[in-house]
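Colleague: sequence isn't available, so here's the structure alone:
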């Protein structure tokens, strides 16, 4: 019997494990080894860690957890989770083993939906990005493309005006933007290309966006908004509610509809930054330990 099983060893999961380990809780952390920012060369916006490679950050975090004999870290996927009638959570790992815990924290993050366009995946994390707060500074005042449709494409285009004024929105087909939205793009000097995108080209970085018709578009970087999916289906299987962005709807301290179940990190919020994920993990750990204390003292 563990006090807590944590699924996912990213910033949220490791932060929670640290706080719970220091609270003398017996914790099992399981990780499948597929972080969302695997393609990124540096993470930004985390005070004292700005510019650090994500893998280095995770390595340091894991090393700091080694001093706590209360925390067990396993590189293995959790393939199933259920809440039993005794209010205990049962998890099954990829090796077939099963474990029981008083509380469960899901911190598996999300996967970005990358368009199936040649060059997109190859340039992802190099000069193709999804978050201007994470990577906008490095390409400030440069010619940028935005890939997206509808309100998402419109919103990201307007948001990026804070980093560059040389912007072009590429919708890869009909934009789906209403007249008011088109007027806003025009008012802020953002051209719209609805031609089908056939590939991204560049040697070591994006150089041009190539369309099925019309001239190629020289660009230095591209930001995209095409949605995301859950890294794991555990939250769905446990009956969690999801918001319009596809992440879990959580309450105070990352709680969910199910007592004892918490979801933290990119899987749970709209603001998906490493520093926020780490903070959510710590918040969830506080709530979990408080619940465990109440149970122990009763």
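Modeller: Alright, I've got the coordinates. Please read these numbers as outputs of a predicted model, since none were measured by experiment.
Colleague: domain-wise, how is this protein divided?
Modeller: Following automatic domain parsing, the chain resolves into domains at 2-111+227-297, 115-224.
Colleague: which of those domains has the highest mean neighbour count?
Modeller: Mean neighbour count (mean count of other CB atoms under 10 Å) peaks for domain 2-111+227-297 among the domains of the chain, with a mean of 19. For every residue, glycine as well, the C-beta is placed using N, CA and C.
Colleague: what about it, distance to the chain center?
Modeller: 12 Å (CA atoms, centre = their mean, to the nearest Å).
Colleague: can you redo the domains of the chain as JSON lines with mean pLDDT?
Modeller: Output for the domains of the chain, formatted as JSON lines (pLDDT from 0 to 100):
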{"stretch": "domain 2-111+227-297", "mean pLDDT": "91"}
{"stretch": "domain 115-224", "mean pLDDT": "97"}
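Colleague: you'd agree residue 204 is in a strand?
Modeller: No - per DSSP: H, G, I helix; E, B strand; the rest coil, residue 204 lies outside any strand segment and is coil.
Colleague: quick one: residues contacting the residue nearest to it when sequence neighbours are not counted.
Modeller: Spatial nearest neighbour of residue 204, chain neighbours left out: residue 126 (7.5 Å); criterion: CB to CB, 6 or more residues apart in numbering. Contact analysis of residue 126 by CB atoms under 8 Å, 6 or more residues apart in numbering lists 39, 41, 204-206.
Colleague: surely residue 166 meets residue 143?
Modeller: Yes - between residue 166 and residue 143 there is a contact at 4.5 Å, judged by CB atoms under 8 Å.
Colleague: what sits against the closest residue in space to residue 50 that isn't next to it in sequence?
Modeller: Closest residue to residue 50 apart from its sequence neighbours, by CB to CB, 6+ apart: residue 44 at 5.5 Å. The contact partners of residue 44, by CB under 8 Å, 6+ apart, come to 50-51, 133-135, 137.
Colleague: ditto for residue 234
Modeller: Counting by CB under 8 Å, 6+ apart, residue 234 touches 7, 78, 80-81, 106, 108.
Colleague: ok, residue 192 next?
Modeller: Residue 192 touches 168-169, 171, 175, 177, 182, 185, counting by CB under 8 Å, 6+ apart.
Colleague: circling back: can you flag which of the contacts of residue 234 belong to strands?
Modeller: The strands, defined by DSSP state E, take in 7, 78, 80-81, 106 from these.
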